[in-house]
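Q: One predicted model, sequence on top.
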Amino acid sequence: MPRYVSVPPGTATTALVQAASRREEAWAVVHEPMSGRQPAPGLRLLTAVVVALIVVTGCGTGQLAQTAGHVTATNGAEGSVGAMLVRDAKLHGRLPVAGDTMHEPGADVPLRVTIISGASPSVPGVGADRLVSVRSPLFAGGRVTGDTRIDVGQAMAAGYDEPVSSVTTTGTTRVGITLLGLRAPLRAGMTYPVTFTFERAGPLTLQLPVANPDFVVPRADGDPRTTR
């Protein structure tokens with residue numbers, strides 16, 4: 001007779017126990033006496049296939065129970081130009097207002113990004129640079145507020161309380177970066193071209209994703225000062 005074990009419902013273990021019980025039932029069918037006759041080879045093969053399918057189905061059910069509901073955070077874009085390292089760059093996201101639309105035309109959209117000077121401190125002045133502008137063809141313009149100079153070994157963070165990067169820095173400057181006048185709907189799951197222009201290193205264009213609103217890092221507080 002098949003054996004059933006009582007386990008808490010809604011767990012991966014439940015699926016595995018049920019699969020094992022079904023396997024025992026199928027096994028009992030294979031070994032059930034047939035009036036003194038052995039089952040035909042074709043029947044034995046068919047039964048073995050059924051048993052294998054039951055086991056695979058049970059294992060699959062347990063795996064789905066373990067992974068359901070997990071959501072992957074949006075990874076930001078990264079790149080480099082000259083000594084400037086751009087890390088985890090993404091457009092501000094919010095809950096969709098219509099379908100997959102994150103922002104409607106006319107909206108101003110902040111950026112989240114960490115920019116680091118990766119030059120060697122042994123070469124004076126080489127790594128020091130300044131973020132001049134941030135632009136995108138999807139927007140009418142862009143605004144950068146705060147002190148945008150980045151010295152050797154320093155980081156500049158927009159939209160994050162702390163710089164998001166594996167690079168060790170000696171200090172962080174917090175700024176605000178906003179793209180102005182959205183020309184078309186900004187949609188979830190899409191990437192959009194954004195160009196960061198530095199005084200020395202020059203332009204760097206990256207495809208920025210829209211940040212998942214469920215994994216947004218709080219923006220830093222402060223009284224930004226407008227720069228050129």
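A: Happy to help now that I have it.

Q: got a list of what residue 171 touches?
A: 153, 154, 155 (CB atoms under 8 Å, 6 or more residues apart in numbering). The C-beta positions use only the backbone N, C-alpha and C, and glycine is treated the same way.

Q: what would those residues look like in JSON lines with secondary structure?
A: As requested, the contacts of residue 171 are exported to JSON lines (DSSP: H, G, I helix; E, B strand; the rest coil):
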{"residue": "153", "secondary structure": "coil"}
{"residue": "154", "secondary structure": "strand"}
{"residue": "155", "secondary structure": "strand"}
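
Q: out of those, which is most surrounded?
A: For the contacts of residue 171, the largest number of neighbours (other CB atoms under 10 Å) sits with residue 155, at 25 neighbours.

Q: give the contact list for residue 101.
A: Residue 101 sits in contact with 185, 186, 187, 188, where contact means CB under 8 Å, 6+ apart.

Q: if I look at it, how far off is residue 140?
A: 19 Å (CB to CB, to the nearest Å).

Q: Residue 192 too?
A: Where residue 140 is concerned, residue 192 sits at a distance of 14 Å (CB to CB).

Q: cool, residue 187 as well?
A: 18 Å.

Q: one step back: now intersect the contacts of residue 101 with the strands, please.
A: 186, 187 (DSSP state E).

Q: Make TSV out of the contacts of residue 101 and add distance to residue 111, pLDDT and neighbour count.
A: Converted to TSV, the contacts of residue 101 look like this (distance: CB to CB, whole Å; pLDDT from 0 to 100; neighbours: other CB atoms under 10 Å):
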residue	distance to residue 111	pLDDT	neighbour count
185	18	92	17
186	12	91	24
187	17	89	14
188	16	86	18
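
Q: Give me the domain ranges for this protein.
A: With domains defined by automatic domain parsing, the chain comprises 12-67, 77-215.

Q: weakest of the ones you listed in terms of mean pLDDT?
A: Least confident of those, judged by mean pLDDT, is domain 12-67 with a mean of 47.

Q: And the helices in this protein, which stretches?
A: 12-31, 41-67 (DSSP state H).

Q: residue ranges for the strands of the chain, please.
A: So, for the chain - with DSSP E - the strands run 77-81, 84-91, 101-103, 109-117, 129-135, 139-145, 149-150, 154-158, 171-182, 186-187, 191-198, 202-209.
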